[in-house]
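Trainee: I would like to see how this sequence folds:
(one chain, ligands or ions: 1)
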Amino acid sequence: MQIIIFGAPGVGKGTQAKILASKLQIAHISTGDILREAIKNETELGKKAKSIVESGGLVPDEIVAGMIKDVLKSERCKNGFILDGFPRTVNQADILDKIFVELNQGKIDLIKLDADDSIMINRITNRKVCNKCGNISVKSEVTENYTCPSCKSVNSYITRKDDTEEVIKNRLKLYHEQTAPVFEHYKDKANIIIVDGTQAIDDITKSLLEKLK
Ligand code: AMP
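Mentor: Purely as a prediction, here's the structure:
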């Protein structure tokens, strides 16, 4: 199974991608997670990406495409994958087409989660993220000694540097200008699944699993 999950920042792509990857036993490939890990570990990639990610910009296509190519060719993806955060530009989608030809990939499912910008700004400014596993919780729930419900780490929640209102507005602007056109690229190439991203997490998952059958 080859799935691309698509939608604006804060719409819940990461949350659904994690759940679907676990239920469908496929790899969850998040370019944002790979970049954040590289920044945390101060690798060469991390050093190049740090200021761009923290200001809400887009890391150059060739850097992200190189990362994705390596991962998709790896053993991890042999049972299928869900791509979260990639492709984010039409050029990245063109690069991905070529990778898929090389890898002999079959039909793609493209999931689009929809929601208004105001909902996403509200969600992002009210979220905290587990620094260890990427799980997301609402700010008001993360009290002292809060234990991550996913990986059980204690006091591991942080506010992402790119989750401030100013940076979010930049990320949404880039989404509308550069990422939204990617949907057109797949309209005739993929099995398109559109779901309302404002529903409860479980309802979205249920609806996605039904449509992916
Ligand atoms: P995300 O976790 O998907 O919201 O990604 C966080 C940040 O990582 C984005 O705001 C970008 O700065 C960077 N990033 C993630 N994926 C890509 C991509 N496909 N192309 C360029 N930059 C990316």
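Trainee: Could you say which helix or strand holds the residue of the chain found nearest the ligand?
Mentor: The ligand sits closest to Gly32 of the chain, with a gap of 2.0 Å, by Cβ to the nearest ligand atom. Where C-beta positions appear, they are placed from N, C-alpha and C, glycine not excepted. Element membership of Gly32 [criterion: DSSP states H and E] is helix 31-40.
Trainee: and for that helix, what are the contacting residues?
Mentor: Contact partners of helix 31-40, identified using Cβ atoms under 8 Å, 6 or more residues apart in numbering, comprise 14, 45-46, 49-50, 53, 59, 64, 67-68, 71, 84-86, 88, 131, 134, 160.
Trainee: Which helix or strand lies directly C-terminal to that helix?
Mentor: Remark: after helix 31-40, the chain's next helix or strand is helix 44-54, criterion DSSP H and E.
Trainee: tell me the mean pLDDT over that following helix?
Mentor: Per-residue confidence for helix 44-54 averages out to 95 on the pLDDT scale.
Trainee: Also stretch 191-200?
Mentor: Model confidence over stretch 191-200 averages 96 on the pLDDT scale.
Trainee: Show me what the nearest residue to Ser22 once chain neighbours are set aside bridges to in the sheet.
Mentor: With Cβ to Cβ, 6 or more residues apart in numbering as the criterion, Ser22 has its nearest non-adjacent residue at 8.0 Å, and that residue is His28. His28 forms beta bridges with Ile82, as assigned by DSSP bridges.
Trainee: and His28, how many neighbours does it have?
Mentor: 22 (other Cβ atoms under 10 Å).
Trainee: got it, and Asn145?
Mentor: Here the count is done by other Cβ under 10 Å, and Asn145 has 6 residues near it.
Trainee: go on, Thr205?
Mentor: Residue crowding around Thr205 was assessed by other Cβ under 10 Å; the count is 17.
Trainee: So what touches the helix or strand it falls within?
Mentor: Secondary structure here is read from DSSP H and E; on that basis Thr205 sits in helix 201-212. Contact with helix 201-212 is made by 1, 3, 12, 15-16, 19-20, 23-24, 109, 111, 113, 193, 195-197, 199, as judged by Cβ under 8 Å, 6+ apart.
Trainee: Good, we can wrap up now.
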